[in-house]
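K.L.:
A structural model of the following input is requested.
(2 chains)
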Amino acid sequence: MYERYDPKKVELKWQKYWAEKNIFKTEPDASKKKFYCLEMFPYPSGKIHMGHVRNYAIGDVIARYKRMRGFNVIHPMGWDAFGMPAENAAIKEGIHPAKWTYENITYMKKQLNQLGLSYDWDREVTTCSPDYYKWNQWFFLKMYEKGIAYRKSSFVNWCPSCMTVLANEQVIDNGCWRCDTAVIKKELEQWFFRITHYAKDLLKACDELKGWPEKVILMQKNWIGKSEGLEADFKVAGRDERIRIFTTRADTLFGATFVCLAPTHPLSEKLVVDKEALKKVKEHYGKEDEKIGLFTGHYATNPANDEKIPIYIANFVLMEYGTGAIMSVPAHDQRDFEFAKKYNLPIRVVIEPEQKSKLTEAYEDEGILVDSNSFSKLRSDVARIEIAKHIEKKGLGKRVINYKLRDWGISRQRYWGTPIPIIYCEKCGVVPVPEQELPVILPEDVKFTGTGGSPLAESEKFVNTICPKCKGKARRETDTMDTFVDSSWYFIAYCVDNGKINFQSLTPNPQSPISYWMPVDQYVGGVEHAVLHLLYSRFFTRVIKDLGIINSPEPFTNLLTQGMVCKETLKCPEHGWLLPEDVKDEKCIKCGKAVDIGRVEKMSKSKKNVIDPDHLINRYGADTSRLFSLFAAPPERDLEWSDQGVEGAYRFLNRIWGLLYKNKFKIQNSKFKIEELSSYQPSAVRLLRKTHQTIKRVTNDMEREYHFNTAIAALMELVNDLCSFEPKSDDDWKVFRFGIEALLLLLSPFSPHISEELWESIGNKKGILEQKWPLWDENIAKEEEIELVIQINGKVKAKIMIAAGQADDEVRGKALGEPRIQEIIKGKTLKKVFIVKGKLVNIVI
RNA sequence: GCCGGAGUGGCGGAAUUGGUAGACGCAAGGGACUUAAAAUCCCUCGUCCCCAAAGGGCGUGCCGGUUCAAAUCCGGCCUCCGGCACCA
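P.N.:
You can find the predicted model right below:
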């Protein structure tokens, strides 16, 4: 042990030690309770950022803590390795996406190990490896068999200049990210997963997710978006067709003055003669700018009152929701109101608001019905049901439940993703790739130009194939899968050792490691995945359960969504956003101009308000970096970066180091055994009590939703007491050693390297990772004396020390007898005295 | 617009069930050590009244209420953050 704390030396030593002993390797063990601790795996973008440091520090504390509590902990890590940045790098710099990705993984893996994270790397998965994406394809085929995967036509963002499909994040202000050309919607045949098949169950099961933050459940519920309503048929006058509409406001049915179809509705094409005009409306489809309509020249019959009302095509009506057609009630729907104003359509009030006013906007609230035949004078909520029943009775509709949730479009016109295992044969049509031919491997001979259609379409070798059915000429599907597919089941892949996934042989098998490890007990990650990733994972887990591979439909029992890492932004009037190191004394180091200090916001490369974890680890080490990010705020809240805060954490570890260095020989020679407390000096008793209290506080803070910040504060208090304790006798040294050992054990999940080093330095042979979490003794932790607060009329007037556990009468007597209290209550009548045990007396006069 | 969440010292945050507001850390000020600086150690630190002490007033976004007692419960508002947003 050196005099000076040198984090680099210490951390390297223990990282090596853990790796050599393969100490984080885990196997299923039916005799032990398992604990699955998981953090969201990163996209290998190049380097880790502070968000990763925080995320993985939180997960690692939990994993190490649970391990010390005796759980068989599985704590895996991997790489979400498919995605656009790799392809962008290929377009810009000519590096092959695979090379770029694997190089990044190598570097980032080194960084993660430098943080001292307790991963079982034997379970590592890399989603861009054929061993992994083979199973994406396998799941796809299984879903195709069950009708969960299907093909339909749908719209994508298209840049007419680059001649390429754009992802949503490549569309900036409705323009292409590369050339600014206005993006248009283009219709393509694409593959979908029928997540809507599980909509009802996904929604209902939200209430069972007791270990999830309320906020996330709410977001999921809103996303699924259940709404009850009525589907009703409007017959097209003079034709055989009917228009089926969906409404949640059947009570306004008598107020419908026109009907609107989505431009992509099958009937639109049939009813509209002027195809050019229809095309124009289509171009504005789904855009939020302006309401655009087109009169079809046809009329429809309102099933409630047989009135004939005009049929319009409207750009704001979505084919994806409901039936793709609506009845328009301009008096009671703001969108219809705007449309009616623009096209001069009648507005008919059928719900009377409480106070009448001029109709400058739609009245969307509930009220009493008017002008609605026999339903007039009914309240909205009643009428809604009565009118729906009436329509049902006439056989012109039915009550239905609709969900906002759409089927998941998984086709991407990109290279760096999982090829969709489908073959198109001129004779046999759509033919799935036979299971035994998986994986369909990404070809290498592809040029990355950033223009044109799907990059895979350029590879002749890939595209041209033989139909598995008729052996005739056929073409492969050239789209790849959305990368969210990869991350929807990776947590199941981890359960299989060495990444040797073979779901076929595991199906169905209750003895499989998957049954042992799943579900994830604690999932930790950013709240930005509250909807998509988490919902897709829930969907996939259901599909996999239906395949018999897994028992539970829910993947994650407990979820912790950590807050963002934030820092103030710095901007130079001349040089724009500045990195923290480009600023000295609030001035730009390039031009010396005063720097604008902006508000605290999420660290982002674009605003340069970032701290590079490499610098941090270099200067302070992993233990300090971890400790700071865990101490500065509770995990679920945003964390504001503070350089001084990091210094503080570093100082704390240095103090502990110094304390042990100074006393290590004495500590080494003191073997602690619980003796009679009465033989100890009062100061030693106090320290022993503080130690037990600290064990209790830290343990409770860990159990109580992982409040690491207060747990660390408790450790700081213990260190303060240890530092001011001056051991003299052998007993003192024993108590001191006990305090030090407890401190190191409790600190080890947060700052594992220094804890191991100091643990060893006081003569312990077995590593701290093999120790049990310490237990406290309630009798020793209990205070003998308590501070009693005496209030008069709710205001604190005195504080006295009294022995703990006294009867109320005695406490009351002591409070009233206190001179300062006597003085105040002299000559006054006591109305009442409240006693809060062990805490406070409130005298009301 | 709709749905959530949050507002506590100079700052990050604590206060677990309504019972001492401000734990712990940072910053700041003063002191010790040092030729000096850094590091370290000790003291002060919500605010106002008072020379000071003793003591007292005020204080958890704002206004009101319930209670012996409110950061905590209830009603109304303000600000900030997040999510959704033509979903019929």
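K.L.:
Quick check: what element follows the helix-or-strand element of chain A with minimal mean pLDDT along the chain?
P.N.:
Using mean pLDDT, DSSP states H and E, strand A:171-172 stands out as the lowest-scoring helix or strand of chain A, at a mean of 68. Counting by DSSP states H and E, the next helix or strand C-terminal to strand A:171-172 is strand A:175-176.
K.L.:
Give the pairing partners of whichever helix or strand comes after that following strand; include direction for each.
P.N.:
Reading on from strand A:175-176 to the C-terminus, the next helix or strand found by DSSP H and E is strand A:184-193. With DSSP bridges as the test, strand A:184-193 is paired with strand A:149-159 (antiparallel), strand A:408-409 (antiparallel).
K.L.:
Going by neighbour count, list what's buried in the longest one.
P.N.:
Taking 16 or more other C-beta atoms under 10 Å as the basis for neighbour counts, the residues of strand A:149-159 that come out buried are A:149, A:154-159. No exception for glycine: its C-beta is placed from N, CA and C like everyone else's.
K.L.:
So which residues make contact with it?
P.N.:
With contact meaning C-beta atoms under 8 Å, 6 or more residues apart in numbering, strand A:149-159 is reached by A:140, A:143-144, A:164-168, A:170-171, A:176, A:178-179, A:181, A:183-194, A:285-286, A:409, A:413, A:430.
K.L.:
Of the residues you listed, which ones also sit close to RNA strand B?
P.N.:
Checking these against RNA strand B by C-beta under 7 Å from any atom of the strand, the ones in range are A:Gly286.
K.L.:
any idea of the pLDDT on whichever residue of the stretch 551-700 of chain A sits closest to RNA strand B?
P.N.:
Residue nearest to RNA strand B within the stretch 551-700 of chain A (C-beta to the nearest atom of the strand): A:Gly648, separated by 2.8 Å. The model reports A:Gly648 with a pLDDT of 95.
K.L.:
Would it be right to say that it lies in a helix?
P.N.:
Yes: counting by DSSP: H, G, I helix; E, B strand; the rest coil, A:Gly648 falls inside a helix.
K.L.:
and it, how many neighbours?
P.N.:
Using other C-beta atoms under 10 Å, A:Gly648 is surrounded by 16 other residues.
K.L.:
dump the residue contacts of the closest residue to it other than its chain neighbours.
P.N.:
Nearest non-adjacent residue to A:Gly648, counting by C-beta to C-beta, 6 or more residues apart in numbering: A:Phe628, 7.6 Å away. When contacts are counted by C-beta under 8 Å, 6+ apart, A:Phe628 touches A:645-646, A:648-649.
K.L.:
What about those, which one has the most neighbours?
P.N.:
The most crowded member of the contacts of A:Phe628, judged by other C-beta under 10 Å, is A:Ala649 (26 neighbours).
K.L.:
Spell out which residues of the stretch 451-600 of chain A are next to RNA strand B.
P.N.:
The stretch 451-600 of chain A comes close to RNA strand B at residues A:527-528, A:530-531, as judged by C-beta under 7 Å from any atom of the strand.
K.L.:
Buried among these? Make that a ChimeraX selection.
P.N.:
With 16+ other C-beta under 10 Å as the burial test, the buried ones among these are selected in ChimeraX as follows:
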select /A:527,530
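K.L.:
Now flag whichever of the residues of the stretch 451-600 of chain A next to RNA strand B is closest to A:Lys814.
P.N.:
Closest approach between these and A:Lys814, by C-beta to C-beta: A:Val527, at 51.2 Å.
K.L.:
What pLDDT is listed against the closest one?
P.N.:
For A:Val527, pLDDT reads 88.
K.L.:
Hmm, it is touching A:Val216, no?
P.N.:
Yes: between A:Val527 and A:Val216 there is a contact under C-beta atoms under 8 Å: 7.1 Å.
K.L.:
Common neighbours of those two, please.
P.N.:
Contacts common to A:Val527 and A:Val216, judged by C-beta under 8 Å, 6+ apart, are A:Thr561.
K.L.:
Please spell out which residues along stretch A:307-326 are buried.
P.N.:
For stretch A:307-326, by 16+ other C-beta under 10 Å, it's A:309-319, A:321-326.
K.L.:
Can you confirm whether that stretch lies near RNA strand B?
P.N.:
Yes: counting by C-beta under 7 Å from any atom of the strand, RNA strand B has neighbours in stretch A:307-326: A:315-318, A:320-322, A:324, A:326.
K.L.:
Tabulate the residues you listed (CSV), appending secondary structure.
P.N.:
Shown next, in CSV, are those (three-state DSSP):
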residue, secondary structure
A:Asn315, coil
A:Phe316, coil
A:Val317, coil
A:Leu318, coil
A:Glu320, coil
A:Tyr321, coil
A:Gly322, coil
A:Gly324, coil
A:Ile326, strand
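K.L.:
Out of those residues, give me the two with the largest separation.
P.N.:
Longest span within the residues of stretch A:307-326 next to RNA strand B, C-beta to C-beta: A:Asn315 and A:Gly322, 15.9 Å.
K.L.:
Tell me the confidence at A:Lys607?
P.N.:
The score at A:Lys607 is 85. That number is its pLDDT.
K.L.:
Next, count neighbours for it.
P.N.:
Residues near A:Lys607, counting by other C-beta under 10 Å: 18.
K.L.:
Make sure it is actually in contact with A:Glu601.
P.N.:
Yes: in terms of C-beta under 8 Å, A:Lys607 counts as a neighbour of A:Glu601; the distance is 7.0 Å.
K.L.:
which residues do the two both contact?
P.N.:
In contact with both A:Lys607 and A:Glu601: A:Thr569, using C-beta under 8 Å, 6+ apart.
K.L.:
What segments of the stretch 351-500 of chain A are strands?
P.N.:
With DSSP state E, counting those that start in this stretch as the criterion, the stretch 351-500 of chain A has strands at A:351-352, A:368-369, A:397-403, A:408-409, A:411-412, A:422-425, A:429-432, A:464-466, A:473-476, A:480-481.
K.L.:
mind putting these in JSON lines, distance to A:Ile762 and mean neighbour count included?
P.N.:
As requested, the strands of the stretch 351-500 of chain A are exported to JSON lines (distance: least, C-beta to C-beta, whole Å; neighbours: other C-beta atoms under 10 Å):
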{"stretch": "strand A:351-352", "distance to A:Ile762": "79", "mean neighbour count": "20"}
{"stretch": "strand A:368-369", "distance to A:Ile762": "81", "mean neighbour count": "22"}
{"stretch": "strand A:397-403", "distance to A:Ile762": "61", "mean neighbour count": "16"}
{"stretch": "strand A:408-409", "distance to A:Ile762": "56", "mean neighbour count": "18"}
{"stretch": "strand A:411-412", "distance to A:Ile762": "57", "mean neighbour count": "24"}
{"stretch": "strand A:422-425", "distance to A:Ile762": "64", "mean neighbour count": "20"}
{"stretch": "strand A:429-432", "distance to A:Ile762": "64", "mean neighbour count": "14"}
{"stretch": "strand A:464-466", "distance to A:Ile762": "67", "mean neighbour count": "13"}
{"stretch": "strand A:473-476", "distance to A:Ile762": "65", "mean neighbour count": "18"}
{"stretch": "strand A:480-481", "distance to A:Ile762": "54", "mean neighbour count": "24"}
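K.L.:
need these in JSON lines with mean pLDDT, can you?
P.N.:
What follows is the strands of the stretch 351-500 of chain A, written out as JSON lines (pLDDT from 0 to 100):
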{"stretch": "strand A:351-352", "mean pLDDT": "86"}
{"stretch": "strand A:368-369", "mean pLDDT": "91"}
{"stretch": "strand A:397-403", "mean pLDDT": "94"}
{"stretch": "strand A:408-409", "mean pLDDT": "90"}
{"stretch": "strand A:411-412", "mean pLDDT": "90"}
{"stretch": "strand A:422-425", "mean pLDDT": "96"}
{"stretch": "strand A:429-432", "mean pLDDT": "96"}
{"stretch": "strand A:464-466", "mean pLDDT": "95"}
{"stretch": "strand A:473-476", "mean pLDDT": "96"}
{"stretch": "strand A:480-481", "mean pLDDT": "94"}
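K.L.:
got the end-to-end distance for stretch A:32-50?
P.N.:
Using C-alpha to C-alpha, to the nearest Å, one end of stretch A:32-50 lies 35 Å from the other.
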